[in-house]
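Asker: no sequence on hand, only this structure:
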């Protein structure tokens with residue numbers, strides 16, 4: 001698969017699917033996350049979990065992410081033309097946060113593209129090289145790119161990094177959201193995370209929302225946005 005990935009990028013085998021985030025108080029779609037898919041000519045549909053880790057290990061993650069960014073910019077323009085002026089978020093690998101050529105290209109694409117684009121990053125991505133990662137994230141923030149902390153709580157969540165990151169959104173990992181209505185501890189963790197993020201002037205998105213009871217609980221807890229199969 002990794003040997004075939006460069007050709008897949010150049011020959012149009014990759015495409016994006018968009019998962020909406022709904023704003024709970026306004027009851028409207030507030031943005032979307034771009035998810036890359038690979039339609040292989042013989043293997044069929046290949047999901048990110050089957051090729052992204054190998055792309056990172058083989059250094060193909062840079063070209064793949066730049067392709068995704070270009071496609072996101074183009075698709076965001078199409079959404080605007082059709083009356084949906086929504087920000088589109090894409091995931092940025094931790095390897096790329098310290099890659100100066102990638103950062104420069106990404107800044108150029110976003111600046112020239114004029115689209116509403118946001119970046120999602122994980123805390124573990126920052127831990128690789130905190131100073132370089134935080135400095136480059138600040139460069140993205142300075143040109144108007146909103147930064148979202150993805151999968152919060154799933155890895156080595158650190159308040160030391162949380163207070164330094166120029167993030168405007170925190171996404172609670174589905175690990176805590178999926179058992180919100182059946183667990184005793186998960187509601188406490190989710191509620192305290194929402195309060196913490198709000199105190200740091202960040203909006204909160206809950207990932208992995210799959211049933212109405214979970215959505216109702218999140219709304220009562222003051223969560224700002226929700227994302228998952230229940231919604232789309």
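Answerer: Thanks, I have it. Bear in mind the structure is a predicted one, so any value in this text is a computation, not a measurement. Numbering: from 1, shown residues only.
Asker: after the helix or strand of the chain at the bottom of the mean pLDDT ranking comes which helix or strand?
Answerer: For the chain, counting by mean pLDDT, DSSP states H and E, helix 123-127 ranks last in confidence among helices and strands (a mean of 72). The helix or strand immediately downstream of helix 123-127 is helix 130-142, counting by DSSP states H and E.
Asker: give me the contact list for that following helix.
Answerer: With CB atoms under 8 Å, 6 or more residues apart in numbering as the contact definition, helix 130-142 has outside contacts at 94, 97-98, 103, 106-107, 110, 119, 121, 125-126, 147, 161, 164-167. All C-beta spots, glycine's among them, are computed from the backbone N, C-alpha and C.
Asker: what comes up buried for that helix?
Answerer: Neighbour-count burial for helix 130-142 flags 130, 133, 134, 136, 137, 140, 141 (criterion: 16 or more other CB atoms under 10 Å).
Asker: just the ones of the contacts of helix 130-142 in strands?
Answerer: 119, 121, 147 (DSSP state E).
Asker: wait, what's in contact with the first one?
Answerer: When the contact criterion is CB under 8 Å, 6+ apart, the partners of residue 119 are 89, 90, 91, 92, 137, 140, 145, 146, 147, 148.
Asker: swap the cut-off to 10 Å and go again
Answerer: Contacts for residue 119 (CB atoms under 10 Å, 6 or more residues apart in numbering) come out as 65, 69, 89-92, 96-97, 106, 110, 137, 140-141, 145-148, 150, 167.
Asker: repeat that for the second one.
Answerer: With CB under 10 Å, 6+ apart as the criterion, the residues that contact residue 121 are 91-94, 96-97, 133, 137, 140, 147-151, 165, 167.
Asker: just give me the closest of the residues you listed to residue 184.
Answerer: Nearest to residue 184 among the contacts of residue 121, counting by CB to CB, is residue 151 at 22.6 Å.
Asker: the closest one: neighbour count?
Answerer: Look at residue 151: counted by other CB atoms under 10 Å, it has 20 neighbours.
Asker: the protein: helices as residue ranges?
Answerer: 5-11, 52-57, 61-81, 100-113, 123-127, 130-142, 159-162, 174-177, 186-199, 212-221 (DSSP state H).
Asker: buried ones in the longest one, by neighbour count?
Answerer: Of the residues in helix 61-81, those buried by neighbour count under the rule 16+ other CB under 10 Å are 61-62, 64-69, 71-73, 75-76, 79.
Asker: what's the longest strand in this structure?
Answerer: The chain, longest strand under DSSP E: strand 28-40.
Asker: tell me who's in contact with the residue of the chain positioned farthest from its centre.
Answerer: Computed with CA atoms, centre = their mean, the maximum C-alpha offset from the centroid of the chain is found at residue 42, amounting to 29.1 Å. Contacts for residue 42 (CB under 10 Å, 6+ apart) come out as residue 4.
Asker: lovely, talk soon.
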